[in-house]
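Peer 1: structure for this input, please:
(2 chains)
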Amino acid sequence: MKTLRQAKIGDKVRVVKLHGEGAVKRRIMDMGITKGVEITVRKVAPLGDPIEISIRGYELSIRKADAEMIEIE
Amino acid sequence: MNIRIALVGNPNSGKTTLFNSLTGSNQFVGNWPGVTVEKKEGKLKRRQDVTVTDLPGIYSLSPYTLEEVISRNYLINERPDAILNIVDGSNLERNLYLTTQLTELGIPVVVAVNMMDIVEKNGDKINTNELSRQLGCQVVEISALKGKGIAEAAEAAIFAAQNTKTVPMHTFSGPVEHALAHIEEAALHDLPENSQRWYAIKIFERDKKVLESLSIAPEVLEHIEQDIKNVENELDDDAESIITNERYVYISSIIKGCCKKKNPGGLSVSDKIDKVVTNRFAALPIFAAVMFLVYFISVTTIGTWATDWTNDGLFGDGWHLFGIGSGEYSDDMTEYAKSNIWTDELKAAVSSAVDADIVGAEDIMTAIEEEDFDAFDESYASYSDALAEGGYDISGIVDGAMENAPDTADYGVWVPGIPVLAERGLSAANAPDWLNSLIIDGIIGGVGDVLGFVPQMLVLFILLAFLESCGYMARIAFVMDRIFRKFGLSGKSFIPMLIGTGCGVPGVMASRTIENERDRRMTIMTTTFIPCGAKIPIIGLVAAALFGNAWWVAPSAYFIGVAAIVISGIILKKTKLFSGDPAPFVMELPAYHWPTFGNIMRSMWERGYSFIRKAGTIILLSSIVIWATSCFGVIDGRFVFDSEMELESSILGIIGGVVSYIFIPLGFGNIKATIATVMGLVAKEEVVGVFGVLDFESMTQLAAYSFLIFNLLCAPCFAAIGAIKREMNSAKWTWFAIGYQCLFAYTISLIVYQLGNLFTGNGNVIGSIVAFALVVFMMFMLFRPAKKPEMKKATH
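Peer 2: Okay, here's the model as predicted:
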């Protein structure tokens, strides 16, 4: 299974499935990361975490630990 | 009839700007009951019968974050007459997600598409008529920043409140709709028709908060649960995700019909700025530069000038209007001092005091050598008592010479300070001694000390408002997150702590920028561990009195402060109070934009004013109590008042004598050290005023260091406690913070003193055992596994 954590800077990926449950999953989905959406990985923070992604026309910062819950193609 | 309109929208959608233009200066700022979230209300301009409530910026109406729960409770329980939903036109897709939830509430909704000027500049097009048809509510175009369309949006909301109904147009997929219909029929037919759909969707999502409020019969619930399970099996996902997913699918479909993007995927100006600002290599240097600038402006330069003016001018002797005449006056004073004050006799006394290592003698000598009267005046005011105590009394010479010195009033326009004016008024009215002392020393002295911080705070608040509204604050969290989350703090906690090195009061108030309530509380509790400006004299005194001005004393104080934050962060985040709420750090990085002057000034004023109001209550009261206990006392068996009373005979001294026993294990269980610590609550520099050099010299180095640690880490001054109360918005949390700080200070001081004694061969058996036990306890608290957060439970 490939997750968003493994995506490289500049990659354009499509979300297949969201793992996890409850508040964490709901929050990620509320921000627009849902099945089928396209994500561009923009950059990694200077200290290596979190990462910045581009989704539905805006920029979002997400920790690598949470990115692991997002399965991509 | 009074009309109530709720303003709802995503963070960074321009909601604050719109609220300000709708209400003007007609605002009331407070907090939502019992939480640290800000609540704003205001009357619509020129329409006193319309109240606008600004709800917290939210992305959704989920039951998981505090802001969202506050918002939905308000919408469901108070049922405003209309919702004005502001959406960012340049980020329509995610903004409309909240809109689809609002339209289900059964409250009339008007959507205001903001930032239309940016949308047009980008060459994009939004078909608002089509959007209105698809959403089932009126849509208006506005530009909050340029003030366009504001009146129309307000009119539309008032019209909607009186005349229309909003019926949600979006539908979910077949199986979901089927289940929703079942739920409405089985459990909700008693509720008003227009709110049934919202409740049905929440029941379908298994929203615990809604289920609790409805108290549905168990057998009905079981039946519904079966329906939900069937849908979940059919669509292979959990119910909550199905709903969220289908909302976004619906939005994507309507966006296609209403929105035309001219050039998708191109780099905007904001993207280009961000490429540099959060660049892997440049981000940290840029961050350091920005922080230096904030500190430099708010603490060292403008902040200090402003604070000096308030302390020495407004709440001191007075000041020269516009500074005219100040320069001449100090030149003339220097000339005068050279021939009249700095006599050979005085120089000889000061120089032997320098040889005897009296604190401050060095500073006075330098001022004389450099022929700087202002510096001399300042050092003399701080240290003349220390010199007199050491047997080098120079006050006779200085006071005698000052009588014929040039008068400040002869230079420019001299405006007397408040204490001077009050004193004149009081003596004109023949006020009794105690009243004089109460007003001058108690009230003006106490509150003046605290208000002295206000100008500095206002400067800081301007900078913070700028950083927040231009979008850089979110980047700070992005850059610093990795370090701070280890201690249960947010990347944004850096700013309160940095400002805290200058003064804890604005430091604590700067925590307002942290959005997660748990991080915010943790930051409020730990910020004052950092030695502030007023604690530097204590450090200086201890270093001078017992450590021969050793270079390491001051850095060690800062090290202890930082260590206290780290240790407290790790310990507290594992406690029950701070666990739970596993909200992930998923944060929007808003586009950079230039903030408006009006918004920045308003934000500065709101924060500053809320502190000033606190100064008028809590701080005033505490100042009076401390004043009274230090001026009333028992001399020769009689209860008397004396404004110049020796502290040992005052009520404060008597209480200090009783309390002092608890400091014996820390090595400074004497009355004077205890009183000094209590007076530190008024202002930390008071510790030095009470506890002279001679008092220190009777202590061992270890005891003095333990005294230093305790005073650095224990409860901050009243002003900072006031700020903590303001930000926590809860008596319980305020007491918890203060209690924790004192307990932590006590523990660390005890460990240092007792173990220090043990290692230097003066160990006390019981003391060492207790110290070791405390070390073990702290290690346990530090390294025990974190409590597993309860996954589905929210904080409130």
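Peer 1: neighbours around residue B:151, how many?
Peer 2: 15 (other C-beta atoms under 10 Å in any protein chain shown). Placement of C-beta: from N, CA and C, glycine included.
Peer 1: wait, what's in contact with it?
Peer 2: Residue B:151 makes contact with no residue under the criterion C-beta atoms under 8 Å, 6 or more residues apart in numbering or on different chains.
Peer 1: for residue B:112, see how far away it is.
Peer 2: Look at residue B:151 and residue B:112: by C-beta to C-beta, to the nearest Å, they are 12 Å apart.
Peer 1: just the CA trace of the lowest-mean-pLDDT helix or strand in chain A, in PDB.
Peer 2: Least confident helix or strand, chain A: helix A:22-30 with a mean of 87, by mean pLDDT, DSSP states H and E. Taking Å, rounded to 0.1, in the frame of the first residue of the first chain, the C-alpha atoms of helix A:22-30 are listed here in PDB:
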ATOM      1  CA  GLY A  22     -13.100   9.200  14.300                       C
ATOM      2  CA  ALA A  23     -11.900  12.700  14.800                       C
ATOM      3  CA  VAL A  24      -8.600  12.400  12.900                       C
ATOM      4  CA  LYS A  25     -10.200  10.900   9.800                       C
ATOM      5  CA  ARG A  26     -13.200  13.300   9.900                       C
ATOM      6  CA  ARG A  27     -10.800  16.300  10.200                       C
ATOM      7  CA  ILE A  28      -8.700  15.200   7.200                       C
ATOM      8  CA  MET A  29     -11.900  14.700   5.100                       C
ATOM      9  CA  ASP A  30     -13.400  18.000   6.200                       C
END
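Peer 1: following element in sequence after that helix, please.
Peer 2: Following helix A:22-30 in sequence order, the next helix or strand is strand A:38-44 (DSSP states H and E).
Peer 1: contacts for that following strand, please.
Peer 2: Identification of contacts with strand A:38-44 by C-beta under 8 Å, 6+ apart yields A:4, A:7-15, A:33, A:50-55, A:59, A:70, A:72, B:278-280.
Peer 1: switch to 7 Å and redo it
Peer 2: A:4, A:7-15, A:51-55, A:59, B:278 (C-beta atoms under 7 Å, 6 or more residues apart in numbering or on different chains).
Peer 1: try stretch B:73-83
Peer 2: Residues from elsewhere that reach stretch B:73-83, judged by C-beta under 7 Å, 6+ apart: B:3-6, B:8, B:53, B:55, B:102, B:105, B:107-110, B:157, B:160-161.
Peer 1: derive a PyMOL selection command for the buried subset of the residues you listed.
Peer 2: A single PyMOL command selects the buried members of those (16 or more other C-beta atoms under 10 Å in any protein chain shown):
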select buried, chain B and resi 3+5+6+8+53+55+102+105+107+108+109+110+157+160+161
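Peer 1: I'd like to know which of the contacts of stretch B:73-83 is nearest to chain A.
Peer 2: residue B:102 (13.9 Å; C-beta to the nearest C-beta).
Peer 1: mind checking the SS state of that closest one?
Peer 2: helix (DSSP: H, G, I helix; E, B strand; the rest coil).
Peer 1: got the domain ranges for chain B?
Peer 2: B:3-163, B:175-236 (automatic domain parsing).
Peer 1: just those domains: most buried one?
Peer 2: domain B:3-163 (a mean of 20; mean count of other C-beta atoms under 10 Å in any protein chain shown).
Peer 1: returning to that earlier point: filter the contacts of strand A:38-44 down to the buried ones, PyMOL style.
Peer 2: The PyMOL command for the buried members of the contacts of strand A:38-44 (criterion: 16+ other C-beta under 10 Å) is given here:
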select buried, (chain A and resi 4+7+13+15+51+52+53+54+55+59) or (chain B and resi 278)
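Peer 1: residue numbers of the stretch 201-350 of chain B in contact with chain A?
Peer 2: For the stretch 201-350 of chain B, the residues in contact with chain A (C-beta under 7 Å from any C-beta of the partner chain) are B:238, B:240-241, B:244-245, B:248, B:278, B:280, B:283-284.
Peer 1: so which of the contacts of strand A:38-44 sit within strands?
Peer 2: A:12-15, A:51-55, A:59 (DSSP state E).
Peer 1: quick check: the residue lying closest to residue B:649 once chain neighbours are set aside vs chain A, distance?
Peer 2: Excluding its sequence neighbours, the residue lying closest to residue B:649 (C-beta to C-beta, 6 or more residues apart in numbering or on different chains) is residue B:633, at 4.5 Å. Distance, residue B:633 to chain A, using C-beta to the nearest C-beta, to the nearest Å: 57 Å.
Peer 1: let's verify residue B:633: helix, strand, or coil?
Peer 2: Of the three states, residue B:633 takes strand under three-state DSSP.
Peer 1: after the longest helix belonging to chain B, next one along is what?
Peer 2: Counting residues, the longest helix in chain B under DSSP state H turns out to be helix B:731-759. Proceeding N to C from helix B:731-759, the next assigned helix or strand is helix B:765-783, under DSSP H and E.
Peer 1: now the angle from that next one to helix B:731-759?
Peer 2: Angle of helix B:765-783 versus helix B:731-759, following axes from the mean of the first three to the mean of the last three C-alpha atoms, to 10 degrees, is 130 degrees.
Peer 1: please tell me how far the nearest residue to residue B:192 once chain neighbours are set aside sits from residue B:5.
Peer 2: Spatial nearest neighbour of residue B:192, excluding adjacent residues (C-beta to C-beta, 6+ apart): residue B:106 at 7.2 Å. Separation of residue B:106 from residue B:5 (C-beta to C-beta): 16 Å.
Peer 1: try residue B:457
Peer 2: Distance from residue B:457 to residue B:5, by C-beta to C-beta: 33 Å.
Peer 1: again with residue B:712
Peer 2: Distance from residue B:712 to residue B:5, by C-beta to C-beta: 49 Å.
Peer 1: look up phi and psi at the most centrally placed residue in chain B.
Peer 2: In chain B, the centroid-proximal residue (C-alpha atoms, centre = their mean) is residue B:509; its distance is 1.9 Å. Backbone torsions for residue B:509, taken as degrees, to the nearest 10, come to phi -70, psi -20.
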